[in-house]
Structures are given as C-alpha cells and as structure tokens.
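Student: Kindly generate the corresponding structure for this input.
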Amino acid sequence: MIELTPIGIISSPFKTRQQAPRQGRECEGCSTITIYPEYRAGLGEMIGISHIWVLYWMDRAERNVLFSRRPEWIEDRPVFTIRSPARPNPIALSIGRMVSFEDGVITVSGIEALDGSPVIDIKPYIPGLDCIPGAEYSALTHHDETSIRTGESQS
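Tutor: The predicted structure is shown next:
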C-alpha cells in the first residue's frame with residue numbers, strides 16, 4: 001500500500017485545465033506554494049536555491065487512460081511517452097523559479113498547476129545533477145517531426 005500525505009497546497013491563477021498552459025515554462029505568472037505548518041521546518045531558509053522541483057497531485061486529471069491524443073496529433077500516444085496529465089497516477093513534476101520565500105510560503109513562476117492542487121514534495125533543482133548534457137527525446141519523431149525540430153511543446 002502506498003500512502004501519500006500532502007505537505008502543502010498550490011494557489012494559482014488557473015482554475016480550470018483550459019486556463020493552464022501545457023508546460024509551466026510557458027507561464028510567466030506566479031503561484032504560491034503554502035507548506036503546512038507541520039512541514040515548514042523542512043524548508044530551512046532556502047538560501048542559495050533559485051529553482052525547485054515541485055511534485056504535486058493533479059487531482060482533477062483522468063486516471064483511467066493509457067493513451068492520450070492532442071487535437072493536432074494523428075493518433076493516440078502511450079501516456080508514459082508523453083506528459084499528459086491523464087495517467088494512472090497523476091503526479092506532476094514541474095520546475096519553478098523561486099520569486100520569494102517567507103513564513104512557509106514559496107512564490108514561484110513557471111508552474112502550470114491548477115489552483116488547489118496538493119503538493120506532494122519539493123526538492124531543489126541542482127543544475128549539475130538535473131541537467132543531463134546529450135540527453136535525447138525522440139519518442140515522437142516519427143509522429144511529429146515539425147514540433148521536434150522547432151522545439152515546440154510535446155504535451
């Protein structure tokens with residue numbers, strides 16, 4: 001049995017899936033992550049951290065699908081090869097740029113979470129560990145050559 005306990009909640013300008021960008025990097029607005037009081041000691045002072053990984057539960061996503069399709073795609077694609085929110089365990093992973101931190105509230109930009117999304121965990125983004133030079137993603141090349149070449153969002 002797996003049990004997750006939310007450590008906080010996200011307040012964002014996005015109330016519906018239609019309002020949220022496909023990827024957080026497309027979002028310039030800010031959201032706040034309020035860490036619950038019993039977990040705030042785990043934040044320390046957050047000194048020297050410019051970006052954080054935010055793991056949150058996409059509580060309004062479909063959970064009974066293994067394939068998904070965007071309108072511009074010709075065919076369905078397996079959910080474990082794309083970043084669709086519809087998946088068996090709708091855990092999101094986003095990188096947020098820290099704007100401010102005070103009293104257990106982290107203000108970030110670049111998070112596409114819906115308002116009220118439960119936060120599962122946060123971790124520091126560490127460039128030397130998290131950026132993998134030479135990493136590739138060609139799973140969609142045979143389906144979507146244009147977006148791969150132009151660098152457009154994949155999900």
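
Student: Name the SS class of the nearest residue to residue 29 once chain neighbours are set aside, please.
Tutor: Distance criterion CB to CB, 6 or more residues apart in numbering; nearest residue to residue 29, sequence neighbours excluded, is residue 13 at 5.4 Å. C-beta: built from backbone N, CA, C; applies to glycine. Residue 13 carries the three-state label coil when classified by DSSP: H, G, I helix; E, B strand; the rest coil.

Student: Same question for the one 4 residues further on.
Tutor: Classification of residue 17 by three-state DSSP places it in coil.

Student: Just give me the neighbour total for it.
Tutor: 13 (other CB atoms under 10 Å).

Student: just residue 114 next, same as before
Tutor: Other residues within reach of residue 114, judged by other CB under 10 Å, total 22.

Student: same question for the longest strand seen in the chain, mean pLDDT?
Tutor: Counting by DSSP state E, the longest strand found in the chain is strand 91-102. Within the predicted structure, the mean pLDDT of strand 91-102 is 93.

Student: cool, stretch 35-52 as well?
Tutor: Summarised as a single mean, pLDDT over stretch 35-52 is 96.

Student: can you pull out the strands in the chain?
Tutor: With strands called from DSSP E, the chain shows them at 8-11, 30-35, 51-57, 67-68, 77-78, 91-102, 105-109, 118-124.

Student: Could you dump those strands into JSON lines and include distance to residue 136 and mean neighbour count?
Tutor: Output for these, formatted as JSON lines (distance: least, CB to CB, whole Å; neighbours: other CB atoms under 10 Å):
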{"stretch": "strand 8-11", "distance to residue 136": "31", "mean neighbour count": "21"}
{"stretch": "strand 30-35", "distance to residue 136": "31", "mean neighbour count": "20"}
{"stretch": "strand 51-57", "distance to residue 136": "21", "mean neighbour count": "20"}
{"stretch": "strand 67-68", "distance to residue 136": "22", "mean neighbour count": "16"}
{"stretch": "strand 77-78", "distance to residue 136": "17", "mean neighbour count": "16"}
{"stretch": "strand 91-102", "distance to residue 136": "19", "mean neighbour count": "16"}
{"stretch": "strand 105-109", "distance to residue 136": "28", "mean neighbour count": "19"}
{"stretch": "strand 118-124", "distance to residue 136": "24", "mean neighbour count": "17"}
